[in-house]
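Undergrad: Model the structure of this input:
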Amino acid sequence: MPVYVTSLSSIVNFVDELSQADVGTVLPMAHPLDGQHQRLRTDEVTAGDEHEKYQLNAPAVASGLYVVPRVIE
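TA: All right, here's what the predicted structure looks like:
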């Protein structure tokens with residue numbers, strides 16, 4: 001029996017064990033460590049709109065969009 005079959009079987013068996021655990025009384029957590037929160041950074045634009053620069057190399061452009069050959073007939 002190949003090694004991956006044994007490994008996959010043990011993973012499936014472990015998942016089956018986990019599904020039998022009674023978690024009905026467990027409250028959902030936002031963070032596993034009590035009293036800690038995930039730090040989020042503010043969204044900032046770091047690069048400008050350069051689509052015109054990139055489209056200079058395109059074989060065909062119309063109305064700011066790349067023109068490609070039709071593939072569905």
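
Undergrad: ends of stretch 19-26, how far apart?
TA: From its first residue to its last, stretch 19-26 covers 14 Å (CA to CA, to the nearest Å).

Undergrad: and that stretch, how far out from the chain's middle?
TA: Its chain's average C-alpha position is 27 Å from that of stretch 19-26, according to CA atoms, centre = their mean, to the nearest Å.

Undergrad: Same question for stretch 53-66.
TA: How far stretch 53-66 lies from its chain's middle: 29 Å, per CA atoms, centre = their mean.

Undergrad: and His37, what element?
TA: For His37, there is no host helix or strand (DSSP states H and E).

Undergrad: That one is in contact with His31, isn't it?
TA: Yes. In this structure His37 lies within contact range of His31 using CB atoms under 8 Å: 6.3 Å. C-beta: built from backbone N, CA, C; applies to glycine.

Undergrad: which stretches of the protein aren't confidently modelled?
TA: 1 (pLDDT under 70).

Undergrad: quick one, strands of the chain?
TA: Counting by DSSP state E, the chain has strands at residues 61-62, 65-66.

Undergrad: which one of the ones you listed lies closest to Ser7?
TA: Minimum separation from Ser7 across those (CB to CB) falls at strand 65-66, 44.7 Å.

Undergrad: partners of that closest one in the sheet?
TA: Under the criterion DSSP bridges, strand 65-66 sits next to strand 61-62 (antiparallel) in its sheet.
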